[in-house]
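Chemist: can you look at this prediction? I've put the sequence above it.
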Amino acid sequence: MSYKITLIPGDGTGPEIAEVTAKVIEATGVKVDWEIAQAGVEAVEKGGTTLPSSTLDSIRKNKVALKAPLTTPIGTGFRSVNVAIRKELDLFVCLRPCKTYNGVKSKYENIDLVVVRENTEDLYSGVEYTQDSEESKEIIKLSNNKIREHSAISIKPISSFGTERIVRYAFEYALKCKRRKVTAVTKANIMKCTDGLFYETARKVAKDYEGKIEYEERLIDNMCMQLVQKPELYDVIVLPNLYGDILSDLCAGLVGGLGVAPGANLGKDIAVFEAVHGSAPKYKGLNKVNPTALILSAKLMLEHLGEINAACRLEKAVADVIIEKKCVTYDLGGTAGTKEMGQAIIERLK
Ligand code: NAD
């Protein structure tokens with residue numbers, strides 16, 4: 001049997017790691033019939049839009065996609081295609097396991113955390129008003145001049161619907177994966193309405209799991225310090241979108257960097273797997289970056305497909321190559337290129 005899966009090669013270093021990852025998956029023996037779909041800068045060059053409807057249609061049809069990173073211009077330029085894919089397909093869960101692999105240089109040992117980030121709301125809603133626009137002037141008036149004149153404004157929506165489903169996912173994940181605790185993280189002491197609603201909703205959901213999974217709350221600033229000082233205290237962490245984005249990179253740092261941090265965007269029946277890191281454009285075409293994060297995202301994809309044996313073998317092959325240290329990329333202290341590290345993983349799978 002062969003799985004039909006959408007492959008978005010991305011841009012920057014994306015195509016290099018996507019190619020290696022596809023070969024590694026093939027080496028597990030799981031047969032995949034890739035449907036290549038474009039997005040981002042490359043898609044604009046080919047068809048004039050950053051997110052062609054054919055790409056979304058392909059993911060909707062195949063239900064599973066593997067996506068390499070896409071560049072988003074900072075400040076001005078087009079909006080994030082990554083955010084657009086998550087919103088268009090209602091991929092409300094961003095699941096980011098952060099686990100220490102022996103041999104990866106890190107200040108910490110035995111980290112095994114899971115970040116569950118809400119993916120569709122919060123300051124990522126894309127509702128923003130430029131300085132001196134009619135809308136921002138109107139909001140400034142509504143605020144009773146609590147907002148300074150000539151401000152640009154971004155809106156932060158948090159709904160009980162959006163919070164309920166992400167927190168419930170975190171608890172269900174904890175139950176399924178035999179985890180002990182869910183920690184909800186916000187800044188509800190300051191954002192009483194939005195983050196307050198996140199906590200209020202999370203507490204209601206937590207009641208359904210009383211006696212099975214522990215529940216606790218932390219403020220985001222304190223959580224950053226706690227994770228740096230005592231990461232072993234935490235297990236599954238659930239957060240609104242922006243805090244989740246920032247904390248994911250912090251957790252990637254705990255386990256040795258972005259080169260080894262995988263992720264999955266999950267909806268009701270669609271899943272898009274991607275690394276936490278971005279397109280690292282300065283290394284484009286240099287065969288330099290670490291393919292591990294996308295390969296470990298592919299491991300999550302194999303688990304999602306029910307290919308548990310292949311997923312375990314793949315993770316072990318990656319772990320063995322890392323611990324051996326003979327064929328690893330620069331970020332893991334080696335001199336191997338993207339392709340060579342991929343090939344070493346393939347050899348382990350034979
Ligand atoms: P980045 O993750 O691309 O790179 C930051 C630094 O981390 C790199 O310079 C490099 O030193 C290191 N790094 C990243 N991936 C690595 C890997 N696989 N192996 C070894 N080292 C690695 O972050 P950035 O520079 O902030 O963003 C670059 C672009 O990527 C931006 O346009 C951003 O919007 C985009 N981005 C995309 C995604 C996504 O597609 N999901 C995620 C984050 C950022």
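Modeler: Received, thanks.
Chemist: I'd say Lys326 and Met341 touch.
Modeler: No - look at Lys326 against Met341 with CB atoms under 8 Å: they stay out of range, at 10.0 Å. Using the backbone N, CA and C atoms, a C-beta is placed for each residue, glycine as well.
Chemist: give me the common contacts of those two.
Modeler: Counting by CB atoms under 8 Å, 6 or more residues apart in numbering, the residues touching both Lys326 and Met341 are Gly334.
Chemist: higher neighbour count, these two?
Modeler: Met341 (27 against 11; other CB atoms under 10 Å).
Chemist: the helix or strand containing the more buried one packs against which elements?
Modeler: Taking DSSP states H and E as the definition, Met341 sits inside helix 338-349. In this structure, helix 338-349 makes packing contacts with helix 14-27, helix 292-304, helix 308-324, judged by 3 or more CB pairs under 8 Å, 6 or more residues apart in numbering; DSSP states H and E.
Chemist: tell me the angle of the first one relative to helix 308-324?
Modeler: Between the direction of helix 14-27 and that of helix 308-324, the angle (axes from the mean of the first three to the mean of the last three CA atoms, to 10 degrees) works out to 120 degrees.
Chemist: now the angle from helix 14-27 to helix 292-304?
Modeler: Here helix 14-27 points in a direction 40 degrees away from that of helix 292-304 (the same axes, to 10 degrees).
Chemist: what residues of helix 14-27 count as buried?
Modeler: For helix 14-27, the neighbour count (16 or more other CB atoms under 10 Å) marks 14-25, 27 as buried.
Chemist: ok, now the last one?
Modeler: Buried positions in helix 308-324, judged by neighbour count with 16+ other CB under 10 Å: Ala310, Ala311, Arg313, Leu314, Glu315, Ala317, Val318, Ala319, Asp320, Val321, Ile322.
Chemist: not counting its own residues, what contacts it?
Modeler: Contacts for helix 308-324 (CB under 8 Å, 6+ apart): 24-25, 28-30, 101-104, 260, 292, 295-296, 298-300, 302-303, 327-328, 332, 341, 344-346, 348-349.
Chemist: which bits of the chain sit near the ligand?
Modeler: Residues of the chain lying near the ligand by CB under 6 Å from any ligand atom: 69-72, 82, 258-259, 274, 277-282, 289-290, 293, 331.
Chemist: give me the buried entries from the residues you listed.
Modeler: Of the residues of the chain next to the ligand, these count as buried by 16+ other CB under 10 Å: 69-72, 82, 258-259, 274, 277-280, 289-290, 293, 331.
Chemist: closest to Asn144 out of those?
Modeler: Thr72 (34.8 Å; CB to CB).
Chemist: per-residue confidence at the closest residue to that closest one other than its chain neighbours?
Modeler: Leaving out its chain neighbours, the residue that sits closest to Thr72 by CB to CB, 6 or more residues apart in numbering is Ser80, at 4.2 Å. For Ser80, the pLDDT comes out at 86.
Chemist: how many residues are close by Ser80?
Modeler: 18.
Chemist: re earlier: what is the nearest of the buried residues of helix 14-27 to Pro97?
Modeler: Thr21 (17.0 Å).
Chemist: I'd say the closest one and Leu296 touch.
Modeler: No - between Thr21 and Leu296 there is no contact under CB under 8 Å: 9.5 Å.
Chemist: could you look up the SS state of Phe171?
Modeler: Three-state call for Phe171 (DSSP: H, G, I helix; E, B strand; the rest coil): helix.
Chemist: same list (the helices and strands packed on helix 338-349) but as a markdown table, adding mean pLDDT and distance to Gly47.
Modeler: A markdown table is the format used below for those (pLDDT from 0 to 100; distance: least, CB to CB, whole Å):
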| stretch | mean pLDDT | distance to Gly47 |
| --- | --- | --- |
| helix 14-27 | 98 | 17 |
| helix 292-304 | 98 | 24 |
| helix 308-324 | 97 | 34 |
